[in-house]
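Participant: After the sequence you'll find the predicted model.
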Amino acid sequence: MTSPMTRTQDGTARAGVEVRMDGLSRHYGPVVALDKLDLTVQAGELIALLGPSGCGKTTTLRLVAGLEDADAGRITVGGKDITHLSASKRDMGMVFQAYSLFPHMTARQNVAFGLRLRRIAAATRDKRAIEMLELVGLSTQADRYPHQLSGGQQQRVALARALAIEPQVLLLDEPLSALDAKVRAQLRDEIRRIQLEVGTTTLFVTHDQEEALAIADRVGVMKDGRLEQLAPPTDVYSRPATSFVAEFVGLTNRLAGTVSGQTVTVRGRDLPLVDPSTPAGPATALVRPEAVTLASDSTGDSGPLVGTVIAVTFLGATSRVTVDLGDTTILAQLTTADAAELPAGSRVALTIRPDPVLVSADSPALSEA
Amino acid sequence: MAVVATTEPGARPARAGRRASIPGWVGTVPFLAYVGVFLLLPTGIVIVDALKNPSGAWQFSSVTELGNPLVRTYFIGSLKLCLISSVIGAVFGAILAYAVASGNPDGVVRRLYLAASGVLAQFGGITLAFAFLTLLGPVGLLAHASWFYDFPWGIALIYAYFEIPLMVLVFMPAIDGLKVQWREASENLGASAWQYWRHVGGPLLAPAFIGSTLLLFANALSAFATIEAWESQIAYIVPQQISISLSSEVGLSNINYADVLALGMMVMVAIIMTGYALLQRRASRWLR
């Protein structure tokens, strides 16, 4: 958890504030964008809202920012009801996907804009703008216009601009989505470093699971305007609350099995259940590729956990191996060095690590990655 | 026997098929020919004729005619009319363009508006002047406007009829270029609607607005048929005086004088269009 302290202009620290959403709803005609959302962001916490397009994550952010009105529900910041407050009075900093810097202003003028509106003296706001640009590592580019900056630099300036007004809450609307992979990873880490440093309560919207898992104190996975799960990144990944979460966050093998007691039997192996109250009977177990290990099999025996490698996908440090088990296929994630020993066509024996697995409520499928 | 492929230093890679090499600039030939024949050639002829006397000898003294008080009156008349009609057209056209741009970008209203503007921006000349005369003239059907023949306000109103739709057409892309994120970002930083327009929207649109106004000015400067139909007995503006100089019915035609007046107009248009191009360049960098 982050330190819930925010620096003020005079250098003293102030506590971050709690943001609370109660029964927040938003409809676009017949489409339900947000369905009675309840969510509390602790003071100084960074919550990443993750989900596919149309799940309601951006709508949530826009309602908190005041850029749209909620049909029902309540938003409080530090205990104060801001549901009907205009966006300009909410004291929130926001970073948009892209193109939000004012193109006729330099980086310094962009950062100082919010302070100018607050009638801060020119010398003070200039000093503050430079401080903020230093924070994001761009003080040497202060007099450049947005079109003279790269995409990553522009987003850094946008972050500095959002932080310059010392907002109670920082809202990040997919700020990295328009950047290339390397810059995205760098800036993601930088956002986290700065957020930890200033301690502002932050809501971060993304559709990139890796980004969400890497940056957040807690991840909220959304679907159809509702929160499917809100938990620390490790829990979301290793103990998904629903099959949607399990399949949206990371890859998952769907393997037919039978629930009995507190375990599910998959291809002869008993695996513990995430939810011990799962009703007995046939079900689909969701098994992570990294829970599957492979070993070369030269015995020629057949069995439920013996198959043939049909593809190896190189991913850098790791590789993904697809194995044909006869009646289904299964994915395994191995180190690239291990995967190199198992080229396509190799006979392999599988082992499934007994991690707690989730059972999908829908009809059992054979296997799907 | 092994075959070894060798490549000489500097040799080009072989191509599968042979293709005639056509320089890139060849594609611009039709356009350049058009510009040459219909713009540069007439411009050159006018400039040369303005600097020659009727016997073909070079003389620069005729250019000093541009300083003649009477000639200045025509230029001032042109400037007044163009300024008033372009400012009226720019202000009302910008408001209409903003109203249309605020609606559904794929809506019927917008498409109708743009189509109508495209037609009305070209609807000048005798027909337009006659339409106004029959509606608002001294014996008009709608009103008996006593000021209808006042220069420049009467004719400026008629000019506004085609200047406003022209403004809608040329200014709409600039308004479309204003990104929603800029408004939302300024709102998020604490700006009121007025502060947004003062610090963000206004400065961003200013080059496009001034540039479009200059285009309207140039458009009004070149208009002739409308004002000639409105008042053919008195010359108020330069094109009318050029017409009189070319086709006097009482033997007073003076082609050299007309060329000098045309040269003066060319200089004005060149200055205006240079300003327009510079402003458009800035606007397009901000609003692309």
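Facilitator: Now that the structure is in, tell me what you want to look at. Numbers count the residues shown, from 1 in each chain, chains lettered A, B, ... in the order given.

Participant: pLDDT score for residue B:120?
Facilitator: Here, the pLDDT recorded for residue B:120 equals 87.

Participant: And for residue A:2?
Facilitator: 41.

Participant: Residues of the stretch 151-300 of chain A that sit close to chain B?
Facilitator: Listed as neighbours of chain B in the stretch 151-300 of chain A under the rule C-beta under 8 Å from any C-beta of the partner chain: A:158, A:161-162, A:165. All C-beta spots, glycine's among them, are computed from the backbone N, C-alpha and C.

Participant: can you pick the most crowded of those residues?
Facilitator: The most crowded member of these, judged by other C-beta atoms under 10 Å in any protein chain shown, is residue A:161 (31 neighbours).

Participant: what about the helices in the stretch 51-200 of chain B?
Facilitator: Assigned helices in the stretch 51-200 of chain B, in chain order: B:69-101, B:108-120, B:126-136, B:153-176, B:180-188, B:193-196 (criterion: DSSP state H, counting those that start in this stretch).

Participant: Give the buried residues for the first one.
Facilitator: Right, helix B:69-101. Neighbour counts over helix B:69-101 (16 or more other C-beta atoms under 10 Å in any protein chain shown) mark B:71, B:74-75, B:77-90, B:92-94, B:96-98, B:100-101 as buried.

Participant: Equivalent analysis for the fifth one, please.
Facilitator: Of the residues in helix B:180-188, those with enough neighbours to count as buried (16+ other C-beta under 10 Å) are B:181-188.

Participant: ok, those residues vs residue A:82, which is closest?
Facilitator: residue B:188 (13.2 Å; C-beta to C-beta).

Participant: for the closest one, what are its contacts?
Facilitator: Residue B:188 makes contact with A:65, A:67, A:87-88, A:90, A:92-94, A:162, according to C-beta atoms under 8 Å, 6 or more residues apart in numbering or on different chains.

Participant: Report whether the expected contact of residue A:115 with residue A:127 is present.
Facilitator: No - counting by C-beta atoms under 8 Å, residue A:115 does not reach residue A:127; the two are 9.9 Å apart.

Participant: And the two? Which one has more around it.
Facilitator: residue A:115 (25 against 15).

Participant: So that one versus residue A:265, what's the distance?
Facilitator: 64 Å (C-beta to C-beta, to the nearest Å).

Participant: do residue B:241 as well
Facilitator: Separation of residue B:241 from residue A:265 (C-beta to C-beta) stands at 102 Å.

Participant: go on, residue B:150?
Facilitator: Residue B:150 is 98 Å from residue A:265, by C-beta to C-beta.

Participant: Please work out how many residues are found near residue B:123.
Facilitator: The tally of other residues near residue B:123 (other C-beta under 10 Å) stands at 14.

Participant: Quick check: closest non-adjacent residue to it.
Facilitator: By the measure of C-beta to C-beta, 6 or more residues apart in numbering or on different chains, the closest residue to residue B:123 outside its immediate chain neighbours is residue B:162, 5.8 Å from it.

Participant: so the one you found sits right up against residue B:118, yeah?
Facilitator: No - counting by C-beta under 8 Å, residue B:162 does not reach residue B:118; the two are 11.2 Å apart.

Participant: of the two, who's got more company?
Facilitator: Higher neighbour count among residue B:162 and residue B:118: residue B:162, with 24 against 13, using other C-beta under 10 Å.

Participant: Which one of the residues in the stretch 151-300 of chain A is closest to chain B?
Facilitator: Ranked by C-beta to the nearest C-beta, the top residue of the stretch 151-300 of chain A for proximity to chain B is residue A:165, at 6.2 Å.

Participant: Which residues are in contact with residue A:270?
Facilitator: So residue A:270 contacts A:263-264, A:354 (C-beta under 8 Å, 6+ apart).

Participant: For the closest residue in space to residue A:292 that isn't next to it in sequence, grab phi and psi.
Facilitator: Nearest non-adjacent residue to residue A:292, counting by C-beta to C-beta, 6+ apart: residue A:332, 3.9 Å away. Note on residue A:332: backbone dihedrals following degrees, to the nearest 10 are phi -130, psi 140.
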